[in-house]
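> give me coordinates for this.
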Amino acid sequence: ISAYTAATANLVAEDDVKVVAEAEGKVTRLLVEEGDNVAAGQALLHIDPSDAALAEDKAELALRNAQLNLERSQGMAAEKLVSPQDLDKIRYERDVAAHGLAEARHRLKKTTVAAPFAGRITLRKVQTGQAVKVGDELFTLADFDPLVARIFLPEREVLDLKLGQEVRLALRAREETRFAGRI
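Below you'll find the predicted structure:
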């Protein structure tokens, strides 16, 4: 004996995200189109890296300068020409410059937009040559394995269901087509 519950639902992707720009600039290359399957971490598009590369070069120069200043100051501190407090300040400035370089490199990596997980591009909202800002929506990415049916039932019917329980789904358009699933 089997019991059934009739309800309507749409089958939707369990993971469905909007991929947004994390850097600003002009889109130089689109690498995927709507309908393309992508792997996790696969590059989807490139944003012009010129500004980020200049910022990285500037941060490298600042770090080199801070490192030279620290080395000179350490030599002078050995001869008691620089106070320990001044030496600590110069070390701090070098550390700040190193952090600035790491941040610039991080921003440069953000000019390549990658897929956060494997799935299919369901919507492309950007064109080559388009200027994008941080937070602009670029793509919608969905993972259709597994598909999820969100079904809303009355309380009296929910109490008889158990997590992991097997179910069969039938399409209203073609009732002879059935799918296996679980709660």
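
> contacts only, for K109.
Not one residue lies near K109 by C-beta atoms under 8 Å, 6 or more residues apart in numbering. (Glycine included, C-beta is placed from N, CA and C.)

> what residues does stretch 79-87 touch?
Identification of contacts with stretch 79-87 by C-beta under 8 Å, 6+ apart yields 73-74, 76-77, 90.

> format the residues you listed as JSON lines; extra columns: secondary structure.
Listed next are the contacts of stretch 79-87 as JSON lines, based on DSSP: H, G, I helix; E, B strand; the rest coil:
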{"residue": "S73", "secondary structure": "helix"}
{"residue": "Q74", "secondary structure": "helix"}
{"residue": "M76", "secondary structure": "helix"}
{"residue": "A77", "secondary structure": "helix"}
{"residue": "I90", "secondary structure": "helix"}
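
> buried set for stretch 126-146?
Going by neighbour count (16 or more other C-beta atoms under 10 Å), the buried part of stretch 126-146 is 126, 132, 138-144.

> dump the residues you listed into CSV; add secondary structure as well.
What follows is the buried residues of stretch 126-146, written out as CSV (three-state DSSP):
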residue, secondary structure
V126, coil
V132, strand
L138, strand
F139, strand
T140, strand
L141, strand
A142, strand
D143, strand
F144, strand
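
> does D57 sit in a helix, a strand or a coil?
Following three-state DSSP, the label given to D57 is helix.

> neighbours around it, how many?
12 (other C-beta atoms under 10 Å).

> R107 versus that one, what's the distance?
D57 sits at a distance of 12 Å from R107 (criterion: C-beta to C-beta, to the nearest Å).

> cool, R91 as well?
Remark: distance between R91 and R107 (C-beta to C-beta) = 25 Å.

> go on, V38?
In this view, V38 and R107 are 23 Å apart by C-beta to C-beta.

> and if you look at A53?
For A53 relative to R107 (C-beta to C-beta), the value is 10 Å.

> could you dump the buried residues of stretch 126-146 into a markdown table with pLDDT and distance to E103 added?
Shown next, in a markdown table, are these (pLDDT from 0 to 100; distance: C-beta to C-beta, whole Å):
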| residue | pLDDT | distance to E103 |
| --- | --- | --- |
| V126 | 96 | 25 |
| V132 | 96 | 20 |
| L138 | 97 | 23 |
| F139 | 96 | 26 |
| T140 | 95 | 29 |
| L141 | 96 | 27 |
| A142 | 94 | 32 |
| D143 | 92 | 32 |
| F144 | 86 | 37 |
